[in-house]
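>>> Prediction below, plus the sequence it came from.
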Amino acid sequence: MVSILLMMALQATPAVPAVSAIACPVWEREMSFADSVRRHDAAAFAEHVDPDAVFSVTGKSPLHGRASIGERWAGLVSGKAGRLDWYPDHVVAANSGDIAWSSGPALFEMADGKGGKTIMLSRFSSVWRKNADGEWRVVFDSGSDPVKASAEQVQAFQAHRARSCDMD
């Protein structure tokens with residue numbers, strides 16, 4: 001059932017998300033955050049995470065603080081634990097311009113131990129805060145449990161990645 005819902009969500013994803021002018025910088029920052037992982041840049045990854053952030057907020061053992069998050073994510077950021085990619089397909093910002101929410105699909109690619117790879121999809125949700133230095137950083141992050149992806153779902157993931165923020 002989760003796989004069917006995930007497939008429907010990917011198919012319903014617009015090619016270019018329509019977001020407000022207030023939310024567009026958050027969309028861009030989310031894309032930059034994902035890019036830090038694709039480039040295996042731990043310093044850039046950490047710069048996107050608020051010092052007081054909490055990741056895996058819906059899990060049994062949430063991660064508190066930038067250092068703890070960096071340690072737990074080190075294998076994904078370095079690429080040693082597999083490949084992780086994501087992008088936002090929904091971003092909403094408060095009119096105050098200092099807090100926002102983003103969500104979208106995430107693709108995990110890991111070695112299966114048999115010379116092949118396992119590809120899974122999930123959805124993430126993040127809350128962003130604009131800090132005193134003017135940078136947006138993730139404060140809360142979580143995601144759905146990943147489910148094995150078909151070749152068609154992987155194609156849909158790639159096809160729906162927007163290249164720019166389309167403001168409404």
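Great, that's in hand. Numbers count the residues shown, from 1 in each chain.

>>> what sits up against stretch 141-152?
With contact meaning Cβ atoms under 8 Å, 6 or more residues apart in numbering, stretch 141-152 is reached by 2-3, 6-7, 53-59, 106-108, 118-127, 157. Glycine gets a C-beta too; all of them are placed from N, C-alpha and C.

>>> Can I have the buried ones of those residues as a PyMOL selection?
A single PyMOL command selects the buried members of these (16 or more other Cβ atoms under 10 Å):
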select buried, resi 6+7+53+54+55+56+57+106+107+108+119+120+121+122+123+124+125+126+127+157
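
>>> Among the contacts of stretch 141-152, which ones are in strands?
53-55, 106-108, 118-127 (DSSP state E).

>>> And the furthest pair within those?
Within the ones in strands among the contacts of stretch 141-152, two members stand farthest from each other by Cβ to Cβ: 118 and 127, at 29.3 Å.

>>> got the residue ranges for the strands in this structure?
Going by DSSP E, the chain shows strands at 18-19, 49-55, 63-64, 83-86, 90-93, 99-111, 117-130, 136-143, 147-148, 166-167.

>>> where among those is the average confidence lowest?
The minimum mean pLDDT among the strands of the chain belongs to strand 166-167 (a mean of 64).

>>> if we can go back for a sec, tell me the one of the ones in strands among the contacts of stretch 141-152 nearest residue 32?
For the ones in strands among the contacts of stretch 141-152, the nearest to residue 32 is residue 126 (12.7 Å; Cβ to Cβ).

>>> So that closest one versus residue 39, what's the distance?
19 Å (Cβ to Cβ, to the nearest Å).
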